[in-house]
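> Pasting the sequence and the predicted model now:
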There are 2 protein chains.
Amino acid sequence: MALSAERRQRILDAATDVFCQSGFGRASMDAVARGAGVSKATLYNHFASKDVLFQAVVEQVSGRFIAGIDTPGRKDQPIRQSLEEIGREFLAMLLDARNLAAVRLIIGEVQGNPEVGQKFYHAGPEKALKALEAFFVSRREAGEWTASDPQRSARDYVAVLRGNLFWRALLGLPVDSTTVERHVRQAVSLFLRAHGVEG
Amino acid sequence: MALSAERRQRILDAATDVFCQSGFGRASMDAVARGAGVSKATLYNHFASKDVLFQAVVEQVSGRFIAGIDTPGRKDQPIRQSLEEIGREFLAMLLDARNLAAVRLIIGEVQGNPEVGQKFYHAGPEKALKALEAFFVSRREAGEWTASDPQRSARDYVAVLRGNLFWRALLGLPVDSTTVERHVRQAVSLFLRAHGVEG
DNA sequence: GTCTATAGATCGATAGAC
DNA sequence: GTCTATCGATCTATAGAC
């Protein structure tokens, strides 16, 4: 007999797969139960309804969007190189097939349930923005960044980083990895030129 | 008796509302028929299946994303002013509640049906990009724009223009109009500074 | 072409045994 | 807590009358 916590996690993982693959509307609780290897009664013992299960899936998924911004060991690099590293990690995370599927799932439910999208934004992307803001603050204190508003710097950089690539990826257009690498370098260059850093 | 073409359009409009409001999965053909004021049999006489109806909705909706870029009468303005006007129109279109709902609908269906998103991109946003590219070409011929790659200029400008605002709006976060106006001016400034135009 | 009525399948959720 | 079996509702799609 599996422990209850393990079972709950198995159900949650199966639900994430099913919801991301089919969307909330098409996803069936039968498919979730089958994927988790439990009966529907057990499923409903852990999650009272399909909506509750969906909420739990979104909460779990949000955590994947806070990755790889303020990793250590960047203090000794020129800011261009740091921004490129951050950009590569950030964009790889955004373009990961599983994360793209999760974002599509959430966006698809926003119209009928705006709170889902708002919770996701606050639990995921917004925290990544805060981390990037902290990066610009520390670089400003080190005298390597002169822009006065780190929050705006963070916002602008992620916006340039997403660029048109993320928009295309969201809509299902193919994205190859060499394009991503070129995109990151061009994004950093655009962002730095806008702040008076030539290269 | 309404003409067939009128009825078809009524059904299509009702279907757009229902799909955008509920998403494909939750939307029911009963609701579409009710919204259009016809019976389900009539509905199925015009559209063979729910999928066919959805395709038609997406095609119709795509046209709303080609608006307001190469409008006439901008030849005598400084490029900053032209870009701000284009940006205002473009962003107002993107942030329009009906268009946001449509984009959410389409993105939500990409996972299960990638062609839908690709068709939408090619029929809508890509054409807007082409129009913006033509704008930069004409400005370059007039000697008012020096960047060598108009395609990239167009891509970069729409990316900066969407910024973080469109991402937040997609996720259902509130967007007030004074924020939009400030966003447009900041986006144009960032874009122009990156191209060596100070202001 | 348009209607009413309904078939046939599937879904979310639950009852009751163990 | 977990299972099997099933209820009642709802959905897509169609049959048949007009």
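Yep, it's here.
> Local confidence estimate at A:Asn164?
For A:Asn164, the pLDDT comes out at 98.
> from memory it sits against B:Tyr157, does it?
No. With contact defined as Cβ atoms under 8 Å, A:Asn164 and B:Tyr157 do not form a contacting pair (10.0 Å). (C-beta placed from N, C-alpha, C; glycine too.)
> between these two, which one's more packed in?
Per other Cβ atoms under 10 Å in any protein chain shown, whichever of A:Asn164 and B:Tyr157 has more neighbours is B:Tyr157, with 26 against 19.
> The more buried one and B:Phe191 touch, don't they?
Yes. At 5.4 Å, B:Tyr157 counts as touching B:Phe191 under the criterion of Cβ under 8 Å.
> Find the residues that touch each one of the two.
Taking Cβ atoms under 8 Å, 6 or more residues apart in numbering or on different chains as the contact rule, B:Tyr157 and B:Phe191 both touch B:Leu83.
> low pLDDT regions in chain A?
A:1-3, A:68, A:70-74, A:199 (pLDDT under 70).
> so where's the longest helix in chain A?
Secondary structure of chain A per DSSP state H: the longest helix is helix A:4-26.
> Can you name the residues that contact the most centrally placed residue in chain A?
What sits nearest the mean C-alpha location of chain A, by Cα atoms, centre = their mean, is A:Phe65, with 2.9 Å. By Cβ under 8 Å, 6+ apart, the residues touching A:Phe65 are A:Met93, A:Asn99, A:Phe120, A:Gly124, A:Pro125, A:Lys127, A:Ala128.
> Likewise for A:Ala102?
A:Thr16, A:Cys20, A:Val61, A:Arg64.
> distance of the third one from chain B?
In this case it means A:Val61. 13 Å (Cβ to the nearest Cβ, to the nearest Å).
> and if you look at the second one?
A:Cys20 sits 7 Å away from chain B, taking Cβ to the nearest Cβ as the criterion.
> returning to that earlier point: give me the subset of the contacts of A:Phe65 touching chain B.
A:Phe120, A:Pro125 (Cβ under 8 Å from any Cβ of the partner chain).
> okay if I get the contacts of A:Phe65 as a markdown table plus secondary structure?
Listed next are those as a markdown table, based on DSSP: H, G, I helix; E, B strand; the rest coil:
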| residue | secondary structure |
| --- | --- |
| A:Met93 | helix |
| A:Asn99 | helix |
| A:Phe120 | helix |
| A:Gly124 | coil |
| A:Pro125 | helix |
| A:Lys127 | helix |
| A:Ala128 | helix |
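> could you dump the contacts of A:Phe65 to a markdown table with distance to B:Asp51 and neighbour count?
Listed next are those as a markdown table, based on distance: Cβ to Cβ, whole Å; neighbours: other Cβ atoms under 10 Å in any protein chain shown:
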| residue | distance to B:Asp51 | neighbour count |
| --- | --- | --- |
| A:Met93 | 33 | 16 |
| A:Asn99 | 27 | 19 |
| A:Phe120 | 28 | 25 |
| A:Gly124 | 32 | 24 |
| A:Pro125 | 32 | 20 |
| A:Lys127 | 38 | 16 |
| A:Ala128 | 36 | 20 |
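> so which of the contacts of A:Phe65 comes closest to DNA strand D?
Taking Cβ to the nearest atom of the strand as the measure, A:Phe120 is the one of these closest to DNA strand D, at 26.3 Å.
> Can you name the residues that contact that closest one?
A:Val58, A:Val61, A:Ser62, A:Phe65, A:Ile106, B:Leu171.
> circling back: helices or strands next to the longest helix of chain A in the packing?
Helix A:4-26 is packed against helix A:29-36, helix A:40-46, helix A:50-62, helix A:97-110, helix B:4-26, with contacts defined by 3 or more Cβ pairs under 8 Å, 6 or more residues apart in numbering or on different chains; DSSP states H and E.
> Need the winner for burial among the ones you listed.
For the helices and strands packed on helix A:4-26, the largest average neighbour count (mean count of other Cβ atoms under 10 Å in any protein chain shown) is found in helix A:97-110, namely a mean of 22.
> tally of neighbours for the residue lying closest to A:Gln151 once chain neighbours are set aside?
In space, and not counting its chain neighbours, A:Gln151 is closest to A:Glu133: 5.2 Å by Cβ to Cβ, 6 or more residues apart in numbering or on different chains. Neighbour count for A:Glu133, taken as other Cβ under 10 Å: 20.
> who in chain A is up against DNA strand D?
A:Met1, A:Ala2, A:Ser4, A:Arg7, A:Val38, A:Ser39, A:Lys40, A:Ala41, A:Thr42, A:Asn45, A:His46 (Cβ under 7 Å from any atom of the strand).
> The nearest residue to A:Ser4 once chain neighbours are set aside: what's it in contact with?
Closest residue to A:Ser4 apart from its sequence neighbours, by Cβ to Cβ, 6+ apart: A:His46 at 7.9 Å. Applying Cβ under 8 Å, 6+ apart, we find A:His46 in contact with A:Ser4, A:Arg7, A:Arg8, A:Ile11.
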